[in-house]
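Colleague: Need coordinates for the below:
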Amino acid sequence: MGYTLNFAAVWRNFDFLLSGLALSLGLAVISIVIGAVIGLFSAFALTAKNRYGLAAAQVYVTVIRNLPILVLVLFAYFALPQMGVRLDKLESFVLVLSLYSGAYLAEVFRAGLLSIPAGLTEAGLAIGLTGLQIRSSIIAPLMLRNVLPSLSSTIISLFKDTSLAAAIAVPELTFAARKINVESFRVVETWMVTSALYVATCFFIAALMRFVEGRLALPR
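Modeller: The predicted structure is shown next:
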């Protein structure tokens, strides 16, 4: 028995899919920005000589990286309220994705920090810069430039992870697609269009990151 494609139901609800895509992007951007801050501090802790900071960063990165993000999402939304911490579904998902992205970005940034020659820190100290000034003005900019290729892959992966927000009824792209699918029974068409939106968005993010990488590349 043949299957006849009919995209009418999908096109009628295409604005709902675009709204879900916009929310997915918003969740990804907010979480990645927060996660980048967490990851940067964690990376400095992982490469510092303070054993307490090192131990705390190692525990954080190890625990988060070894837990499925879906488990973290369900824990934040269903278990935290039982412990007196009440967050709505958007807040709980942003919290989880921020912590999750921070753990992965910490390793990306740590690798970038290890690639910075130690002589730059010594040169900064020699001209009278403080440790904070060296990190913010010399180390961090160079590190970010070095890790841009790895950062691109991480950002794309984290954007795709926003699809897990559908598990707690956040109306992002996957949730919108499931709703259209249930209401129209056009399974193939709904997921074909949704997949195309994910692919197009990831392609755009990759192109944007390549542009940024090209702009920041050192002249040869």
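
Colleague: tell me which element residue 4 is part of?
Modeller: Using DSSP states H and E, residue 4 falls within no helix or strand.

Colleague: Could you do residue 6 as well?
Modeller: Going by DSSP H and E, residue 6 is not in any helix or strand.

Colleague: quick one: contacts for it?
Modeller: Contacts for residue 6 (C-beta atoms under 8 Å, 6 or more residues apart in numbering) come out as 186, 189. The way it works is simple: take the backbone N, C-alpha and C, and place the C-beta from them, glycine included.

Colleague: separation between it and residue 178?
Modeller: Residue 6 is 18 Å from residue 178, where distance means C-beta to C-beta, to the nearest Å.

Colleague: which ones are touching the closest residue to residue 184 other than its chain neighbours?
Modeller: Closest residue to residue 184 apart from its sequence neighbours, by C-beta to C-beta, 6 or more residues apart in numbering: residue 9 at 3.5 Å. Applying C-beta under 8 Å, 6+ apart, we find residue 9 in contact with 180, 183, 184, 186, 189, 190.

Colleague: three-state assignment of residue 85?
Modeller: Of the three states, residue 85 takes coil under DSSP: H, G, I helix; E, B strand; the rest coil.

Colleague: That one - how many residues pack around it?
Modeller: When counting by other C-beta atoms under 10 Å, one arrives at 11 neighbours for residue 85.

Colleague: quick one, phi psi at the spatially most central residue of the chain?
Modeller: With distances taken as C-alpha atoms, centre = their mean, the residue of the chain nearest its centroid is residue 158 (3.6 Å). Torsion angles at residue 158 (phi, psi; degrees, to the nearest 10) stand at phi -70, psi -30.
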